[in-house]
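Q: just to be clear, the model below is a prediction. Sequence and coordinates:
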4 protein chains.
Amino acid sequence: MRTGVWLIGARGSVAVTALTGALALRARLAGPTGCVTELPELRGAALPGWADLVFGGHDVVTLPVAKKAEDLAEAGVVPGRLVAALADELGRTEQELRALPDGGTQARTADAIAADLRAFRRRHALDRIVVLNVATTEPTAARHPAHASLAALRGALAGPEEVLPPSSLAAYASFSAGCSFVDFTPSTGARLPALAELAAAAAVPYAGNDGKTGETLVKSVLAPMFAQRHLRVTSWSGLNLLGGGDGANLADPAANAAKVASKQRVLGDALGYRPEGTSRIDHVAELGDFKTAWDLVTFAGFLGTRMRMEFTWHGCDSALAAPLVLDLARLTAAAHRAGRHGPLTELGFFFKDPLGDGPSALAAQWDTLAGFAAGLAR
Amino acid sequence: MRTGVWLIGARGSVAVTALTGALALRARLAGPTGCVTELPELRGAALPGWADLVFGGHDVVTLPVAKKAEDLAEAGVVPGRLVAALADELGRTEQELRALPDGGTQARTADAIAADLRAFRRRHALDRIVVLNVATTEPTAARHPAHASLAALRGALAGPEEVLPPSSLAAYASFSAGCSFVDFTPSTGARLPALAELAAAAAVPYAGNDGKTGETLVKSVLAPMFAQRHLRVTSWSGLNLLGGGDGANLADPAANAAKVASKQRVLGDALGYRPEGTSRIDHVAELGDFKTAWDLVTFAGFLGTRMRMEFTWHGCDSALAAPLVLDLARLTAAAHRAGRHGPLTELGFFFKDPLGDGPSALAAQWDTLAGFAAGLAR
Amino acid sequence: MRTGVWLIGARGSVAVTALTGALALRARLAGPTGCVTELPELRGAALPGWADLVFGGHDVVTLPVAKKAEDLAEAGVVPGRLVAALADELGRTEQELRALPDGGTQARTADAIAADLRAFRRRHALDRIVVLNVATTEPTAARHPAHASLAALRGALAGPEEVLPPSSLAAYASFSAGCSFVDFTPSTGARLPALAELAAAAAVPYAGNDGKTGETLVKSVLAPMFAQRHLRVTSWSGLNLLGGGDGANLADPAANAAKVASKQRVLGDALGYRPEGTSRIDHVAELGDFKTAWDLVTFAGFLGTRMRMEFTWHGCDSALAAPLVLDLARLTAAAHRAGRHGPLTELGFFFKDPLGDGPSALAAQWDTLAGFAAGLAR
Amino acid sequence: MRTGVWLIGARGSVAVTALTGALALRARLAGPTGCVTELPELRGAALPGWADLVFGGHDVVTLPVAKKAEDLAEAGVVPGRLVAALADELGRTEQELRALPDGGTQARTADAIAADLRAFRRRHALDRIVVLNVATTEPTAARHPAHASLAALRGALAGPEEVLPPSSLAAYASFSAGCSFVDFTPSTGARLPALAELAAAAAVPYAGNDGKTGETLVKSVLAPMFAQRHLRVTSWSGLNLLGGGDGANLADPAANAAKVASKQRVLGDALGYRPEGTSRIDHVAELGDFKTAWDLVTFAGFLGTRMRMEFTWHGCDSALAAPLVLDLARLTAAAHRAGRHGPLTELGFFFKDPLGDGPSALAAQWDTLAGFAAGLAR
């Protein structure tokens, strides 16, 4: 069950942390903390093993992976001793990375991406490939009539216009090459009718969107707690301070809007109403690869008594995201092998803004996920 | 389905808040915020209605209930307009309150308690009575050989010695009078082999212990979150600042020890290991009926990256506890009616230190509770 | 030393809290907590006594003062028993409040305002009047060439154009009527060259701007602490959640910008550099008259070690502002009496964005203030 | 002006961080962040330069300094590149460290300590030596009649009894050898009448006690803020979670009591009353060289309105303490040179529990310190 893991944004912090970790796990230099597929409820023969994974990917930047891994060690994201021990293997992965193609028209660019994927499959005799988008969040994409059907989309892509945002073009190319696709970002990705049509035609599964790694993760357990205790949440406000590249990008109002909307969705779903308040995102470069989120929740109890709780979350985004990326690669590959296609709505556990109408409470998402994994194992 | 609700500690903050709220709910002067038995998953014909509940109780203090309700209004725990509107009804409840008997020996004291319960049942033609302990937490009780069996206990109670702590004597008297018993405190209550024997003989159910209203409630959703994300909690430390009478009492090291132990139990259960750290309790009279808890959680993620979260909970204990007391009265009465006896292990949702080996994660406790309520409704 | 206290925004929360408090202090129904002029270092014969103060004011709204006081009691800002005890006196103040005039041109409006002030002085045989702006924050005002000199301003005001924002027109009218002026808001107020000229000509003092009541107050002691310990603040980010009317208004980006700028000024002054980060303001109606601010400070210590602190401030803005408004009325009246005119730069202790180049560290501002008060007493 | 810096506890985290930093400053490999003597108000010709300092010390442990420095680099306290660059110099300091003598009687032990100091002075032709106690906090020492006078003390020390705790014996030996003494810990140190007598006789200065590096530092600016605003602090409660060796030691109730008492002193001094609440210390090994303190302050404002603030401090104790140790060495040496002897009460800026009756507000302590430094420079 040789499985390709193709990362869009392969030289970024999340990708390189995931890669370093997977190599360390394979070499038994590190334990699987943070990997949910290593918990007893999910672990099993249906999933590809660490040694079955082969890594490749696209990126627009050119910083060598080994250098990026050293930077991450300097920043306290990964242990320096692992980077040193894995230097050779990190260097070998370098050979599997490609510049993001630009074919003139989007149709030709998609062909070039798909060609990279097919060559990767052949080169390593892979049974299948999971393409994972871990690139920087895009600005909210403009709608286009050609998004409505595959036929219209194919026609439009051949023209000079930019019809699809990069994340959706990557999904298009993945499906065209018979690869599954996972979007770990809030970008559009596979969420267009034309792409659903293509995934169905290609019989490949896909999953997304927007990995749930910090404030929203906490919300997904606290909001159900308030609901199950019949306490009325009267306001929920938050501030996310993000360092690093993603923080700078999300300070851009357009990208910010996409992220903020997906952050608040869980409240409406879990509570049955949308309390007052918003969740803001600010960029603080000083925080580096870490982020700090503060939330204030006010709530009313019996006979209207007003109470409040606050929480602060100090997390390392790459360290939280990377193991989930590996989990998603393993689960999506196993689902593909088991003949699943279309949206994998059972993977809501991993996402802020999951595909489908599944539960938004983490505990219910966990139960769904465990059932999904058990189904794959049968 | 006329149901007696007999409160041990009937003049305390929790009891009077519960009483005021129940009267307000009956009179449709307030909504059921905080009452989980009014959520769609639990609500149903099996439970006694608000108009079916008749309140009485024991207490060692003599402050009139109406005066206590005014004090609670002054302190911001209940709305003054409700206390004013319900003044007459609060006064009528006064007639149903009794001083805690003292019969010389514990056997005679238990007889006098049971006699009060039987008279309450006759006076109001009640189908059944739930006795709920909401009195101040006791110091950890000394073990006694007579706790081991009902026969030994009966013999010992007739002597001059204090064999049982007050909470257990109340359970003994309740069971003897055919009443169910709920312990909302960390005191010993019904948790003795001799009392289990008596409850079985009397075919009555019982529930407990230690209502889960603040810091531990939050722990019961956060600890499973860390576990399900395979994040390793490396320390969990907390400080609880409690005002009011319970705070002063819990500053007593013996009572404190009981409470602290039940506060940390959830971590071991949910995580599968006990992280470093303790949960402290301090008394700060200034906080009045409110409490503030602060917790620091440190945890390790992928490849050992160290992260942390903090939360602060500012809650009003009486406002959080009172609706749960009413929920427990309704659920226990319905279970009694349905023929259930012995420990109601399905009620772990309500308690820090629940009877039996049920789950400690709130979401799983909720599922168990919903199933329990559905079973009663059949 | 009969002193008029004329409030712009006299029916707002800050004004009515100040009024209720002043009446309570005069009647010895309350102590002077929060009034810095009652501290030993400032108290003295030079200041008007509580019984010397006569209150009046302008407002655009018409809600009776007694009703507003009841609303404030309901919201927990002032004690209900004080409002009840002072009902008659609050009613009498009602007679001294006027609708804000509108004379067609700004010149005629200013005349009408000044006429109200002169009538107030005559009616109560006042020695002098302090006009205090406690109205809602204005959007940042547009610059106008006529702001540069008094002659140009007089010419422009006679025309049909809106040359001055309302706060500056109030300062103009105050100075014209020989009254001192204090701006407790971040609005423009007296901060225009033409108005400085007028204050000099009229020989009246003025003070401002923007009362320092919460997050900025804390910054004004923490920033000097970091500076004096030679710790390098690397970022300082904050979120202010404001309820009530001021919160709604400050959610307007234009007003928000004015307030945010004055909130960060203290950091540059106290540290000698501007650390990364911003201070945001959001409106959360649920918080009512209270506000919650959260700040995260990251800093570097010896050899670059990175550390952090956070604070949360839960304050009642009206309760924090009102006693300072009374302090400013007393101090400005005494300065006026002592012959001071022009900007009272010694009052930086009270303001986020003080006039002049005084210190921004609270302790230094305190020393300056104590010296100022001592000078008045001589 | 060659100055010896003799550290009691020379192999501990604070000492080795101070040493590494001083060597880095001398070699211009690091800037003086955290060193207050490098601020413009204090810097000056009167203080010994970095190149004038020679380090030595006593310790009961034997871990080589270079190894300890590596451990500190691993723990994120000092940069690994500095430790590598300074390896040779750190090794040279090793030659100046001595095991703590044990002479049988305390008199003979003191003689041996003094002999080590005199030899150090001769070996390096030092003008003077400052002895600084940075050893682990002692349990509260038992009182002894011989503490009352130098004559009685000398008699008692010759006997077999342990008359002085180690910190006081170190002060005794220092004074005997003509060296000044600084106690950075809450231990007894020089605070005994007999030792004051000896310091006077030897004409040497001393300073202390208990370096102010975290929660108490913040208190020393916040408490004056509340006082100057005439806000009434109704409770102040805190929890300090300390990792590392000092944390483990302070979990010992006897040492804890000493530290807690000095932590609360500032509140009484700054406020003029002692609010309710205590400051607790717990050991959490996981935190390593860092500590986290959380404080809750409740306060009443105008007309009794109740408000609150919280802060969390995440600091690295060694990184905060080390530059202050260097500052104290420089200032004490300069004072000694300038002919000062007895308690240096002007150094309250540095201590939780300063000698003398100086101010407890940080700003006032800063002014005092700046004046003291200016005096030395004249």
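A: Alright, I've got the coordinates. The structure displayed is predicted, hence computed values, not measured ones.
Q: phi and psi next, for residue A:311.
A: Main-chain dihedrals, residue A:311, degrees, to the nearest 10: phi -140, psi 150.
Q: isn't it right up against residue A:218?
A: Yes: between residue A:311 and residue A:218 there is a contact under C-beta atoms under 8 Å: 6.2 Å. C-beta: built from backbone N, CA, C; applies to glycine.
Q: what is in contact with these two at once?
A: Counting by C-beta atoms under 8 Å, 6 or more residues apart in numbering or on different chains, the common neighbours of residue A:311 and residue A:218 are A:295, B:309.
Q: domain parsing for chain A?
A: Following automatic domain parsing, one gets these domains for chain A: A:3-211+A:319-376, A:215-317.
Q: extract the CA atoms of stretch A:98-117 and return them as PDB.
A: Output of stretch A:98-117 as PDB, limited to C-alpha atoms (Å, rounded to 0.1, in the frame of the first residue of the first chain):
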ATOM      1  CA  ARG A  98       8.700  20.800  -8.000                       C
ATOM      2  CA  ALA A  99       8.200  24.500  -8.700                       C
ATOM      3  CA  LEU A 100       4.500  25.200  -9.200                       C
ATOM      4  CA  PRO A 101       3.900  25.000 -13.000                       C
ATOM      5  CA  ASP A 102       2.600  28.000 -15.000                       C
ATOM      6  CA  GLY A 103       1.300  26.900 -18.400                       C
ATOM      7  CA  GLY A 104      -0.100  30.100 -19.700                       C
ATOM      8  CA  THR A 105      -3.700  29.100 -19.600                       C
ATOM      9  CA  GLN A 106      -5.100  27.500 -16.400                       C
ATOM     10  CA  ALA A 107      -5.900  24.400 -18.500                       C
ATOM     11  CA  ARG A 108      -2.300  23.900 -19.400                       C
ATOM     12  CA  THR A 109      -1.200  24.700 -15.800                       C
ATOM     13  CA  ALA A 110      -3.500  22.000 -14.600                       C
ATOM     14  CA  ASP A 111      -2.100  19.500 -17.100                       C
ATOM     15  CA  ALA A 112       1.400  20.300 -15.900                       C
ATOM     16  CA  ILE A 113       0.400  19.700 -12.300                       C
ATOM     17  CA  ALA A 114      -1.300  16.500 -13.200                       C
ATOM     18  CA  ALA A 115       1.800  15.400 -15.100                       C
ATOM     19  CA  ASP A 116       3.900  16.000 -12.100                       C
ATOM     20  CA  LEU A 117       1.500  13.800 -10.000                       C
END
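Q: now it, how far from the centre of its chain.
A: 22 Å (C-alpha atoms, centre = their mean, to the nearest Å).
Q: stretch A:371-378 too?
A: 22 Å.
Q: equivalent analysis for stretch A:115-130, please.
A: Going by C-alpha atoms, centre = their mean, where stretch A:115-130 is centred and where its chain is centred differ by 21 Å.
Q: name the residues of that stretch that are buried.
A: Neighbour-count burial for stretch A:115-130, counted by 16 or more other C-beta atoms under 10 Å in any protein chain shown, picks out A:116-117, A:120-121, A:124, A:126, A:128-130.
Q: which parts of chain A are helices?
A: In chain A, the helices defined using DSSP state H lie at A:13-26, A:65-74, A:80-85, A:87-94, A:106-124, A:150-157, A:166-176, A:193-202, A:215-228, A:244-250, A:253-271, A:317-337, A:362-377.
Q: can you spell out which helices and strands pack onto the fifth one?
A: With contacts defined as 3 or more C-beta pairs under 8 Å, 6 or more residues apart in numbering or on different chains; DSSP states H and E, the packing partners of helix A:106-124 are strand A:3-8, strand A:53-59, strand A:128-133, helix A:150-157, helix A:166-176.
Q: separation between residue A:308 and residue C:55?
A: 35 Å (C-beta to C-beta, to the nearest Å).
Q: out of the two, which sits in the more crowded spot?
A: Counted by other C-beta atoms under 10 Å in any protein chain shown, residue A:308 and residue C:55 do not tie: residue C:55 has more neighbours, with 24 against 18.
Q: may I have the beta-bridge partners of that one?
A: Taking DSSP bridges, one obtains residue C:5 as the residues bridged to residue C:55.
Q: who's in contact with it?
A: Counting by C-beta under 8 Å, 6+ apart, the residues that residue C:55 touches are C:4-7, C:10, C:19, C:22, C:93, C:96.
Q: and for residue A:166?
A: Neighbouring residues of residue A:166 by C-beta under 8 Å, 6+ apart: A:100, A:135, A:138, A:187.
Q: now residue A:132
A: A:5-8, A:181-184, A:325, A:328-329.
Q: which members of those are the farthest-apart pair?
A: Spatially, the most separated pair among those is A:5 and A:183, at 14.5 Å (C-beta to C-beta).
Q: low-confidence ranges, the stretch 201-350 of chain A, go.
A: Low-confidence segments of the stretch 201-350 of chain A (pLDDT under 70): A:245-259, A:262.
Q: interface residues of it facing chain B?
A: Contact residues (C-beta under 8 Å from any C-beta of the partner chain) of the stretch 201-350 of chain A with chain B: A:217-218, A:220-222, A:224-225, A:228-232, A:290, A:300-305, A:307-316, A:319-320, A:322-323, A:349.
Q: what about chain C: which of the residues you listed touch it?
A: A:310, A:312.
Q: now do the contacts for the residue nearest to residue A:229 when sequence neighbours are not counted.
A: Leaving aside its sequence neighbours, residue A:229 sits nearest to residue B:36 (C-beta to C-beta, 6 or more residues apart in numbering or on different chains; 6.3 Å). Residues near residue B:36 by C-beta under 8 Å, 6+ apart: A:228-230, B:42, B:323-324, B:327, B:349, B:369.
Q: for chain C, what is the nearest residue in the stretch 1-150 of chain A?
A: residue A:76 (9.6 Å; C-beta to the nearest C-beta).
Q: wait, that residue touches residue B:303, no?
A: No: if you go by C-beta under 8 Å, residue A:76 and residue B:303 don't touch, sitting 10.6 Å apart.
Q: more neighbours, those two?
A: Between residue A:76 and residue B:303, counted using other C-beta under 10 Å, residue B:303 has the larger neighbour count: 26 against 17.
Q: dump the residue contacts of the nearest residue to residue A:49 once chain neighbours are set aside.
A: By the measure of C-beta to C-beta, 6+ apart, the closest residue to residue A:49 outside its immediate chain neighbours is residue A:1, 7.9 Å from it. If a contact means C-beta under 8 Å, 6+ apart, then residue A:1 has A:48-49, A:52, A:127, A:333, A:337 as its contacts.
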